[in-house]
Every structure is written in C-alpha cells, then in structure tokens.
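**Student:** below are the sequence and a predicted model; questions follow.
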Amino acid sequence: MSFQLWVPALPDRVLSPNAGEVKVIAKVSEARAELHTQVMFAALDQHAQPWPTFNRVRVGIVYYHTGKRPKGDPYYRPRDVPNAVSALKPVYDALHRELGLFPDDDSAYMELGDHRIEHVEELADEGLLITVEELL
C-alpha cells in the first residue's frame, strides 16, 4: 500500500544547507512551519480522512523545479539531491507528526526511497511529489 501527495510548493531558501546568509532561528522555524502547513493542506485537499497509517515506510520525493530564481523569490531550487534531501526534513516531520502516516522519521520506521530532481519549464509546475510506501 502507498500514499502519494502532490505539494505545489517548494522549501524556502533558508532551509538550504548552503544558505549564504546567516540563518536566523526564527526565520528557519517559520520556513519549516510553512512547509508543514503546505503538506497538511495538500493532504486535506487530495485525500479523505482518516489517512492510512503504516508501521514502516520508504519515503521518496521528486523535487520539480525550473532552476529559475525570479527577483524576490524565496524558494530553494537545489541542483544536487543531497542538498534537496536536507531541505526536505520538514516534509518528513509533517508526514509523521501532522498526518500521522508513520510513528517517527527515525531509521526504525522510515527509510529514504527514490529522491530526485526533475526540471520543469513553468514556475506554476514546481512542487514536490511525495510517495510513502509501506514496508512489510
């Protein structure tokens, strides 16, 4: 069994492990909370409750973005997967805390599945495709 979710949002640049500016704790917390909210709204919009619950899962995320950085745009568009994964920590937290899909994001309950970056042409097509797959 699996659970798939399209989140039409990207993490804020402040969540990048390579952020050039000094990270302000309040700004990082705000960016994490915003990503949690986007995941929750996507789940409410796309899936009827109650959502499934799994004991062990594999989480894969396809990070769709243009690579463009319009003036004033705060979103993070990584070029390499390891940096994308670190910016996605709030997504894993939202999946187990807010959605309750699995007990925790530690290695006893969650493993990383396929994570990749796909380029799209339009800013409107940017987002995250999340797949939570039950492990037996």
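**Tutor:** Noted; the coordinates are in hand.
**Student:** residue 5 and residue 42 touch, don't they?
**Tutor:** Yes: counting by CB atoms under 8 Å, residue 5 does reach residue 42; the two are 5.4 Å apart. From N, CA and C alone the C-beta is placed, and that goes for glycine too.
**Student:** the two: who's more crowded?
**Tutor:** residue 5 (23 against 20; other CB atoms under 10 Å).
**Student:** now that one: how far from residue 70?
**Tutor:** 26 Å (CB to CB, to the nearest Å).
**Student:** ok but residue 28 is inside a strand, no?
**Tutor:** No: Residue 28 is assigned helix when assessed by DSSP: H, G, I helix; E, B strand; the rest coil, not a strand.
**Student:** pull the number of nearby residues for it.
**Tutor:** Other residues close to residue 28 by other CB under 10 Å number 15.
**Student:** which residues touch residue 106?
**Tutor:** With contact set as CB atoms under 8 Å, 6 or more residues apart in numbering, residue 106 has no partners.
**Student:** and it, how far from residue 56?
**Tutor:** To residue 56, residue 106 is 11 Å away according to CB to CB.
**Student:** now residue 80
**Tutor:** 28 Å.
**Student:** next: residue 44.
**Tutor:** Going from residue 44 to residue 56 by CB to CB gives 25 Å.
**Student:** more crowded one of the two?
**Tutor:** residue 56 (15 against 12).
**Student:** do I have it right that that one meets residue 109?
**Tutor:** Yes: between residue 56 and residue 109 there is a contact under CB under 8 Å: 5.6 Å.
**Student:** where does the spatially most central residue of the chain sit: helix, strand or coil?
**Tutor:** Geometric centre of the chain, nearest residue: residue 91, 3.7 Å, by CA atoms, centre = their mean. When classified by three-state DSSP, residue 91 comes out as helix.
**Student:** ditto for residue 82
**Tutor:** With three-state DSSP as the basis, residue 82 sits in helix.
**Student:** wait, what's in contact with residue 109?
**Tutor:** Listed by CB under 8 Å, 6+ apart, the contact partners of residue 109 are 55-57, 96, 102-103.
**Student:** for these, which single residue is the most surrounded?
**Tutor:** Ranking these using other CB under 10 Å puts residue 57 first, with 26 neighbours.
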